[in-house]
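Colleague: turn this into a model:
(2 chains)
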Amino acid sequence: MEVRGVYHKRLQEIQDDVIAIGDLVGDALCASVEALRERNMDEARRIVAGDRVINERRFRIEEKCVELIATQQPLASDLRLIVAILNITTEIERIGDYAAGNGKIVLMIGDEPYLIGFEPFARMGDQTVSMLRRSLRAFVDHDLEAAKAISEEDDVVDNLYDQIFHELLGVMTKDPSMVAQATRRMWLAHNLERAADRITNICERIVFVATGKMEEMG
Amino acid sequence: MEESATQPPTAATPSATAAKLAMRHVDFHYGPFRALKDISLDIHDRAITAIIGPSGCGKSTLLRTFNRMNELIPRTRVTGDVLLDGTGIYGPDVDVAVLRKRIGMVFQRPNPFPASIYDNVAIGPRRHGRKEPDVQEIVERSLCRAALWDEVKDGLKGPALALSAGQQQLLCIARALAVEPEAILMDEPCSSLDPAATLEVEELMLELAQEYAIVIVTHNMQQAARVSSMSACMMMDPDRAGVLAEYDATSLIFTNPKDKRTEDYISGRIG
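Modeller: So this is what the prediction gives:
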């Protein structure tokens, strides 16, 4: 007889929900950078509207966690997992906010010309989305080493952000009439940089699940 | 209270919608003492309903009212309606033996008869007129359903009292299943078992809830939370009569109870 089969099924369902919301947010983040490249206003509006779905899913996951704590008394690694899921889901939802924020910025930028090359934005987007997807994999696998390695990649995103920041600063210094436009692009890059920071937080929680230790990473 | 009592449970409950058992404005008296006061609730079929509450609030009395076990105590009296599939069970034409066959019971302490494992399970079907080899088939099926068959199949003629406490309780469940009941009442079925045996019985209850209405009285709130899909929280009135403080889906009772008395009880502020 399987012991506590119903409980383990519910715990697995919550983990599946985390992966599902993580995939949604990864797609939204990826699409927000593509929308900037293609000046795709319809896509930008879709990303902004999609944030509501992500927020709703986050609340459902939290409700399920609270119910599981109240009714099934998870302990030891299961308790750490539930606590981690509550944190990870918050981080994922905030990354979803950044994707929606990027969608709004794309709408604000509209047809304005590129002030600097698109390539560092693309690299930032690719790197951040890749980190998110791999962190979700590490969460599923409880892969401590992968989580540590992913968190170290935050530097790549930080360096790209510095590059974009300084290039845009140069544009603004050279032509103060470009300040508003440049600032919008800076916000977008900053959103990607913050998203990567939150992925580092997710990695910290994966380590917590595996070891029970809370450690600062990145 | 009436409204929430008729809502289908939201927790992991397969097709639990019909009321198998019900009470409508039930009062129960032991002599002059009113032990239950104006109890109304629906017990859903194919689901586990937990009855929780402090000691002395009438949980076991309520449970035993569902199969007229309280009648074994002199000078008791029931008013209001107790229904099985919508039909009153306290009518003059109700055959109590048949009623108790339809609504089985498992008690706090495992109480196998001082007989063989086989005879413990066979006694009910025999009494209801079943003959070998039918009985043999029923014994095997019931022990399988109670997750005990593999452990005892080679020693069916051995004494039931030689089994461990956990096995004895599973045997008592098998004995209840052998007469093919429609509902099972359990009065603190795990209170004398160790944690491993408790989990085994809980797992079995969840299995059985696919087919039966199960009502469990428990002091162990964690157990109620783990296994049930509906929970009834009972309290004692100022006149010491048991009342139903709240009845709702277990997930709601344990995360967001509406009645302050329930909140105080499950959070340990009142015992």
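Colleague: and B:L206, how many residues sit next to it?
Modeller: Residues lying near B:L206 (other Cβ atoms under 10 Å in any protein chain shown) number 20. All C-beta spots, glycine's among them, are computed from the backbone N, C-alpha and C.
Colleague: what of the one 5 residues further on?
Modeller: A count of neighbours around B:E211, defined by other Cβ under 10 Å, yields 14.
Colleague: any stretches of chain A with poor pLDDT?
Modeller: Chain A contains residues with pLDDT under 70 at A:1-2.
Colleague: which parts of it sit against chain B?
Modeller: Contact residues, chain A versus chain B (Cβ under 8 Å from any Cβ of the partner chain): A:1-7, A:9-10, A:66-67, A:70-73.
Colleague: narrow those residues to those in helices?
Modeller: Taking DSSP state H as the definition of helices, the residues of chain A next to chain B contribute A:G5, A:V6, A:Y7, A:K9, A:R10, A:V66, A:E67, A:A70, A:T71, A:Q72.
Colleague: phi, psi for B:I184 please.
Modeller: According to degrees, to the nearest 10, the main-chain angles of B:I184 amount to phi -130, psi 130.
Colleague: so it touches B:A178, yeah?
Modeller: No. At 11.9 Å, B:I184 does not count as touching B:A178 under the criterion of Cβ atoms under 8 Å.
Colleague: who touches the spatially most central residue of chain A in this structure?
Modeller: Most central in chain A under Cα atoms, centre = their mean is A:I95, positioned 3.6 Å from the mean C-alpha point. Residues near A:I95 by Cβ atoms under 8 Å, 6 or more residues apart in numbering or on different chains: A:V25, A:L29, A:L132, A:A195, A:R198, A:I199.
Colleague: quick check: it vs chain B, distance?
Modeller: A:I95 is 27 Å from chain B, where distance means Cβ to the nearest Cβ, to the nearest Å.
Colleague: does any bit of stretch B:254-266 sit next to chain A?
Modeller: Yes. Stretch B:254-266 is in contact with chain A by Cβ under 8 Å from any Cβ, via B:F254, B:T255.
Colleague: returning to what we had before: pull the most distant pair out of the residues of chain A next to chain B.
Modeller: For the residues of chain A next to chain B, the maximum inter-member distance is 28.3 Å, found between A:M1 and A:V66 (Cβ to Cβ).
Colleague: more crowded one of these two?
Modeller: Between A:M1 and A:V66, A:V66 has the larger neighbour count (other Cβ under 10 Å), namely 16 against 10.
Colleague: let me see the contact set for that one.
Modeller: B:T255.
Colleague: ramachandran coordinates for B:A47?
Modeller: According to degrees, to the nearest 10, B:A47 has phi -160, psi 160.
Colleague: just grab the bridge partners of it for me.
Modeller: In this entry, B:A47 is beta-bridged to B:A213, by DSSP bridges.
Colleague: tell me, how many residues neighbour it?
Modeller: B:A47, neighbours per other Cβ under 10 Å, totals 27.
Colleague: look up how far A:I21 lies from it.
Modeller: 30 Å (Cβ to Cβ, to the nearest Å).
Colleague: go on, B:K37?
Modeller: In terms of Cβ to Cβ, B:K37 sits 48 Å off from A:I21.
Colleague: so for those two, which residue has more residues nearby?
Modeller: Neighbours per residue (other Cβ under 10 Å) separate B:K37 from A:I21, with A:I21 holding more: 25 against 19.
Colleague: can you name the residues that contact that one?
Modeller: A:I54, A:R57, A:R58, A:I61, A:T89, A:I92, A:E93, A:G96.
Colleague: recalculate using a threshold of 10 Å.
Modeller: Contacts for A:I21 (Cβ atoms under 10 Å, 6 or more residues apart in numbering or on different chains) come out as A:53-58, A:60-61, A:88-89, A:92-93, A:95-96, A:136.
Colleague: okay, and which of those residues map to strands?
Modeller: Judged by DSSP state E, strands contain none of the contacts of A:I21.
Colleague: inside helices: which ones of the residues you listed?
Modeller: Cross-referencing the contacts of A:I21 against helices under DSSP H gives A:53-58, A:60-61, A:88-89, A:92-93, A:95-96, A:136.
Colleague: by neighbour count, which of the residues you listed wins?
Modeller: The residue in the ones in helices among the contacts of A:I21 with the most neighbours, by other Cβ under 10 Å, is A:I95 (30 neighbours).
Colleague: spatially nearest residue to it (excluding sequence neighbours)?
Modeller: A:A195 (4.7 Å; Cβ to Cβ, 6 or more residues apart in numbering or on different chains).
Colleague: state the distance from that neighbour to A:N55.
Modeller: 16 Å.
Colleague: so where's the stretch 1-150 of chain B shaky on pLDDT?
Modeller: B:1-18.
Colleague: please work out which residue of it is closest to chain A.
Modeller: B:A147 (5.1 Å; Cβ to the nearest Cβ).
Colleague: which residues in the chain form helices?
Modeller: You didn't say which chain, so I picked chain A. Going by DSSP H, chain A shows helices at A:5-38, A:41-72, A:76-109, A:119-141, A:144-152, A:154-174, A:179-211.
Colleague: hmm, no, I was thinking of chain B.
Modeller: Using DSSP H, helices in chain B cover B:2-5, B:59-65, B:96-102, B:117-127, B:134-145, B:149-152, B:165-177, B:195-208, B:221-227, B:250-253, B:260-266.
Colleague: out of those helices, which is closest to B:G31?
Modeller: Smallest distance to B:G31 across those (Cβ to Cβ): 13.0 Å, for helix B:59-65.
Colleague: scan the residues of chain A next to chain B and report the most crowded one.
Modeller: A:T71 (26 neighbours).
Colleague: check contacts around the closest residue to that residue other than its chain neighbours.
Modeller: Nearest-residue entry for A:T71: B:A225, 3.9 Å, with adjacent residues in sequence omitted and distances by Cβ to Cβ, 6+ apart. B:A225 is in contact with A:67, A:69-73, B:11, B:50, B:52, B:218, B:231, B:250-251, B:253-255, B:266, counting by Cβ under 10 Å, 6+ apart.
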